[in-house]
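A.B. asks: here's a sequence, model it:
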Amino acid sequence: MSPPVAPPGWSRWLVPPAALSVHLSIGQAYAWSVFKPPLESALGLSGTQSALPFQLGIVMLGLSAAFGGTLVERNGPRWAMTVALVCFSSGFLLSALGAATEQYWLIVLGYGFVGGIGLGIGYISPVSTLIKWFPDRPGMATGIAIMGFGGGALIASPWSAQMLESFGSDSSGIALAFLVHGLTYAVFMLLGVLLVRVPRTEKPVADGPSVVEGVQVSARNAVRTPQFWCLWVVLCMNVSAGIGILEKAAPMIMDFFADTSTPVSVTAAAGFVALLSAANMAGRIGWSSTSDLIGRKNIYRVYLGAGALMYLLIALFGDSSKPLFILCALVILSFYGGGFATIPAYLKDLFGTYQVGAIHGRLLTAWSTAGVLGPLIVNWIADRQEEAGKHGASLYGLSFVIMIGLLVVGFVANELVRPVHPRHHVSTPREAADVRRQQPESA
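C.D. replies: Now for the predicted structure:
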């Protein structure tokens, strides 16, 4: 499938909506916590077990982005969006079969493995294209698209909750909800496949600078630099801290206030998930656009430093004040989303636009690690604390302290980021062509 080239006069502002149609769909992953209680009840699962499809999905997101990044660069965004559509929708259909037959391994295989491949390829599909269309405002451009991934749960969370209420929260009701998700998202993602275009040339777009000027580093060289691995740690720590709340958001807020005079209902908990999604979405466009003004390193100082402070406030006072708990969680999720949206622009600043999509894909292995680490910390500790007879907010105290430590590690890694040494640069167009020819077909 050849990348569709924009005809003369094509508006670059049509490209973000194409990216949004894909990212809003695959962003459903952030609403997984709505399915956790029904699955635990219908199939007799623990909190750790019910998190497995989500965790595997995030693992596959990072791995498929890493191994498919060069293919996405070579084949273009339409090919990538098509692959994402097929895998993501098929994952839901397999999950529907698994729920209907009460075979949990099929849900893990469908939503986690197959759907996770769709997550990874779909996530990176528009990034390089958007940076080429908007070289003058890379933070804003990637923020608009990646905002959709954070905002997907804003739609999916209440929608999923309503379907479970209408269809029932038993295995057959869950199966029907999965089926509707798979078919609906296939249609919606098709809009992006049909609409996306790539620039006609590598010349300046609009009033922006050339997309090939300045530092240029190949994906192969980028992974050999300390800058890449510092950013890997930064992303991993920031994601672990945010995803630890997001994956268990609905049951967490119910646990925190279960023993108070104002307990949180299931419906209100689903609303909390939607609020977190809104903060995640707003942070992706708001904080990433701010990074165009104050710089990438400074904005990550905010994400990691202020994020640690928010976790400390929840750990100390969260169960005594519902507004404080909600506010701190919203700020943490805005930093979580902002971190995702800012990282492609950070990569562009350090490594240039040449193969930035492939570099971004490789960096997303940090997300795979965090997708296991964050939920595992929160769920495993909560399960052990419950076995020890604890309940309410005390289920999460230790895990929040660990999250603070992770954010501090990320803060230090961000401080260590420096400009890339010239020995890693691709210095001439001829050299860039040579590097491209040397890239393995399966990279």
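
A.B. asks: state the distance from Pro323 to Met254.
C.D. replies: To Met254, Pro323 is 17 Å away according to C-beta to C-beta, to the nearest Å. Quick note: C-beta positions are derived from backbone N, CA and C, even for glycine.

A.B. asks: quick one, helices of the stretch 101-250 of the chain?
C.D. replies: Assigned by DSSP state H, counting those that start in this stretch, the helices in the stretch 101-250 of the chain fall at 104-107, 115-124, 127-133, 138-167, 171-195, 219-222, 226-246, 249-256.

A.B. asks: tell me the pLDDT of Lys390.
C.D. replies: Lys390 carries a pLDDT value of 81.

A.B. asks: check the one 4 residues further on too.
C.D. replies: Residue-level confidence at Ser394 comes out at 81, pLDDT.

A.B. asks: distance of it from Met254?
C.D. replies: Applying C-beta to C-beta to Ser394 and Met254 gives a distance of 14 Å.

A.B. asks: please apply the same query to Glu165.
C.D. replies: 17 Å.

A.B. asks: for the stretch 201-350 of the chain, which spans come out with low pLDDT?
C.D. replies: 201-214 (pLDDT under 70).

A.B. asks: cool, and the stretch 51-200 of the chain?
C.D. replies: Using pLDDT under 70, the stretch 51-200 of the chain drops low at 150.

A.B. asks: hang on, Thr353 in a strand?
C.D. replies: No: read with DSSP: H, G, I helix; E, B strand; the rest coil, Thr353 is coil and lies in no strand.

A.B. asks: in this structure it contacts Pro135, no?
C.D. replies: Yes: when contacts are counted by C-beta atoms under 8 Å, Thr353 is listed as touching Pro135 (7.1 Å).

A.B. asks: for the helices of the stretch 101-250 of the chain, which one ends up most surrounded?
C.D. replies: Per residue and on average, the most neighbours among the helices of the stretch 101-250 of the chain fall to helix 115-124, with a mean of 30 (mean count of other C-beta atoms under 10 Å).

A.B. asks: contacts for it?
C.D. replies: Helix 115-124 is contacted by residues 22-23, 25-26, 29, 56-66, 68-69, 72, 80-81, 83-92, 95, 146, 149, 189, 357, 360-361, 364 when judged by C-beta atoms under 8 Å, 6 or more residues apart in numbering.

A.B. asks: show me the contacts for Leu347.
C.D. replies: Contacts of Leu347 (C-beta under 8 Å, 6+ apart): Ala222, Leu231, Val356, Ile359, His360, Leu363.

A.B. asks: tabulate those residues (TSV), appending distance to Ala161.
C.D. replies: Below are the contacts of Leu347 laid out as TSV (distance: C-beta to C-beta, whole Å):
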residue	distance to Ala161
Ala222	42
Leu231	36
Val356	38
Ile359	38
His360	33
Leu363	33
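
A.B. asks: quick check: the two most widely separated of those residues?
C.D. replies: Taking C-beta to C-beta, the two most distant members of the contacts of Leu347 are Leu231 and Val356; they sit 12.5 Å apart.

A.B. asks: report pLDDT for Arg437.
C.D. replies: So Arg437 comes in at 49 (pLDDT).

A.B. asks: gap between Pro53 and Phe178?
C.D. replies: Distance from Pro53 to Phe178, by C-beta to C-beta: 11 Å.

A.B. asks: what sits in contact with each of those two?
C.D. replies: Common neighbours of Pro53 and Phe178 (C-beta under 8 Å, 6+ apart) are Ser95, Tyr111.

A.B. asks: so which elements touch the helix or strand where Asp292 lies?
C.D. replies: Using DSSP states H and E, Asp292 sits in helix 266-294. If you count contacts as 3 or more C-beta pairs under 8 Å, 6 or more residues apart in numbering; DSSP states H and E, helix 266-294 packs onto helix 138-167, helix 226-246, helix 249-256, helix 296-301, helix 322-351.

A.B. asks: go through that helix and flag the buried ones.
C.D. replies: Going by neighbour count (16 or more other C-beta atoms under 10 Å), the buried part of helix 266-294 is 266, 269-292.

A.B. asks: contacts only, for Ala258.
C.D. replies: Going by C-beta under 8 Å, 6+ apart, Ala258 touches Val264, His391, Gly392.

A.B. asks: the first one: how many residues sit nearby?
C.D. replies: Neighbouring residues of Val264 were enumerated by other C-beta atoms under 10 Å; the total is 20.

A.B. asks: also the last one?
C.D. replies: Per other C-beta under 10 Å, the neighbour tally for Gly392 reads 15.

A.B. asks: now do the contacts for it.
C.D. replies: Per C-beta under 8 Å, 6+ apart, neighbours of Gly392: Asp255, Phe256, Phe257, Ala258, Asp259, Asp319.

A.B. asks: the residue lying closest to Ala145 once chain neighbours are set aside and Gly122: what is the separation?
C.D. replies: Of all residues not flanking Ala145 in the chain, Ala19 sits nearest, at 3.6 Å (C-beta to C-beta, 6 or more residues apart in numbering). Noted for Ala19: a distance of 10 Å to Gly122, by C-beta to C-beta.

A.B. asks: who touches both of those two?
C.D. replies: Common neighbours of Ala19 and Gly122 (C-beta under 8 Å, 6+ apart) do not exist.

A.B. asks: make CSV out of the helices and strands packed on helix 266-294 and add distance to Gly110.
C.D. replies: Below are the helices and strands packed on helix 266-294 laid out as CSV (distance: least, C-beta to C-beta, whole Å):
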stretch, distance to Gly110
helix 138-167, 16
helix 226-246, 21
helix 249-256, 22
helix 296-301, 35
helix 322-351, 25
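
A.B. asks: tell me the contacts of Phe113?
C.D. replies: Residues near Phe113 by C-beta under 8 Å, 6+ apart: Leu56, Gly57, Met60, Gly91.

A.B. asks: dump those residues to JSON lines, plus distance to Pro37.
C.D. replies: As requested, these are arranged in JSON lines below (distance: C-beta to C-beta, whole Å):
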{"residue": "Leu56", "distance to Pro37": "19"}
{"residue": "Gly57", "distance to Pro37": "18"}
{"residue": "Met60", "distance to Pro37": "24"}
{"residue": "Gly91", "distance to Pro37": "21"}
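
A.B. asks: thanks again, I'm all set now.
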